[in-house]
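> Predicted model and sequence follow; I will ask about them next.
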Amino acid sequence: MTAPGPHTALTRLVGVRHPIVQTGMGWVAGPRLVSAVANAGALGILASATMTPQQLRSAVREVRSRTDAPFGVNLRADAGDARERVRIMIDEGVRVASFALAPSKDLMAELKDAGVLVVPSVGARRHAEKVAAWGADAVVVQGGEGGGHTGEVATTVLLPQVVDAVDIPVIAAGGFYDGRGLVAALAYGAAGVAMGTRFLLTAESTVPDAVKARYLAATVKDVTVTTRVDGLPHRMLRTDLVTALERSGPLRSLTRAARHAAAFRRVSGTSWPRLLRDGLALRHRQDLTWSQVLLAANTPMMLKAAMVDGRTDAGVMASGQVAGVIEDVPSCGALITGMVREAEETLARLRINGAC
């Protein structure tokens, strides 16, 4: 049993013991990790974008068999089968729907009518204001320190802007890995923190040990942002492959992307017409060129090469800047217990020193 920890609008909304969220990382956030996080009193988010709908239903049921605690599922709002996945979530009684992009109003309404909490992730104040106006129950705000697709504004600048702009719980992401960070986020007005890289480096994460070792060996300077994987700013570990991608010409990049698009179609069970429709939706929502749409196919397959197959030479490793300061691979229970304890000790120290 973990310590009580601080109670916030997030813990009250979702029904978890601790204001900590494990993000829905593709190929990483599977049933074993999500259920371990949930059993430790935090909110685990199952990544569904790399699953077929049938695999998603099976994964949700596996999580349910491992825990009675609330958990969520991360969805791609622009996916052609998003509504089918929403119906699976509703049928299976999932507590939280997490989105990397803002869902449509009608999709959000369908989830809310079924009692599912809707929590989009955003990287700008105006996006937070939009989803709040549409009825989002909470919002994850990721600053530039976060791994994967990221923006340019630091969490310490973006977070207070969003907290001041909306009246729903705000969950801070980007740069968090310990109890001191949790207290800092709460001081800014957040209702909790969301972490990806920190949970990737846990015992229950199924990422191969050789890949975890690469993360542990990284310094802060070994984490970089590149646009050469899928045309969008993407924070990841600096490797020889990333350097080679940055030096490769546009024709070679597009050829590789086309090959990966075909591979992702097979893995995800997506038909070519649906893949094309998803690409059209992605282009419309993010104002991408056709080259960028094709390059977007790189992301899931190059992540899979590292996160599933252990091919650090052939895959990319999305990473927050915190990889440079993480030195261990604890269990989820130990990580969350330690964070809560450190947060309580930090708050007590601030009270003693008259800071709060």
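Here it is on my side, so go on. Remember, it's a predicted structure, so these values are computed and weren't measured experimentally. Numbering: from 1, shown residues only.

> which secondary structure element contains residue 121?
strand 117-122 (DSSP states H and E).

> can you dump the C-alpha coordinates of the helix or strand just after that strand into PDB?
Using DSSP H and E, the next helix or strand after strand 117-122 towards the C-terminus is helix 125-134. Provided in PDB are the C-alpha atoms of helix 125-134 (Å, rounded to 0.1, in the frame of the first residue of the first chain):
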ATOM      1  CA  ARG A 125      -3.100  27.600 -24.300                       C
ATOM      2  CA  ARG A 126      -5.600  28.200 -27.100                       C
ATOM      3  CA  HIS A 127      -6.000  24.500 -27.600                       C
ATOM      4  CA  ALA A 128      -6.700  24.000 -23.900                       C
ATOM      5  CA  GLU A 129      -9.300  26.700 -24.100                       C
ATOM      6  CA  LYS A 130     -10.900  25.100 -27.100                       C
ATOM      7  CA  VAL A 131     -11.300  21.600 -25.600                       C
ATOM      8  CA  ALA A 132     -12.400  23.100 -22.300                       C
ATOM      9  CA  ALA A 133     -15.200  24.900 -24.100                       C
ATOM     10  CA  TRP A 134     -16.200  21.700 -25.800                       C
END
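
> what does the average pLDDT come to for the next helix or strand after helix 125-134?
Along the chain past helix 125-134, the next helix or strand (assigned with DSSP H and E) turns out to be strand 139-142. Averaging pLDDT along strand 139-142 gives 98.

> coming back round to it: now for the strand holding residue 121, which elements pack on it?
Strand 117-122 is packed against strand 96-99, helix 105-113, helix 125-134, strand 139-142, with contacts defined by 3 or more Cβ pairs under 8 Å, 6 or more residues apart in numbering; DSSP states H and E. C-beta: built from backbone N, CA, C; applies to glycine.

> Can I get the ones you listed in JSON lines including mean neighbour count and distance to residue 225?
Converted to JSON lines, the helices and strands packed on strand 117-122 look like this (neighbours: other Cβ atoms under 10 Å; distance: least, Cβ to Cβ, whole Å):
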{"stretch": "strand 96-99", "mean neighbour count": "27", "distance to residue 225": "23"}
{"stretch": "helix 105-113", "mean neighbour count": "16", "distance to residue 225": "30"}
{"stretch": "helix 125-134", "mean neighbour count": "17", "distance to residue 225": "20"}
{"stretch": "strand 139-142", "mean neighbour count": "28", "distance to residue 225": "13"}
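
> Let me know which of the ones you listed is the nearest to residue 220.
Residue 220 sits nearest to strand 139-142 of all the helices and strands packed on strand 117-122, at 18.0 Å, using Cβ to Cβ.

> got the contact list for that closest one?
Defining contact as Cβ atoms under 8 Å, 6 or more residues apart in numbering, one finds that strand 139-142 is touched by 21, 23, 98, 119-123, 128, 131-132, 150-151, 155, 158-159, 162, 166, 168-174, 190, 194.

> one step back: the strand holding residue 121: partners in the sheet, and parallel or antiparallel?
Using DSSP bridges, the neighbouring strands of strand 117-122 in the sheet come out as strand 96-99 (parallel), strand 139-142 (parallel).

> Columns distance to residue 203 on top of the ones you listed, output as CSV?
Shown next, in CSV, are these (distance: least, Cβ to Cβ, whole Å):
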stretch, distance to residue 203
strand 96-99, 23
strand 139-142, 25
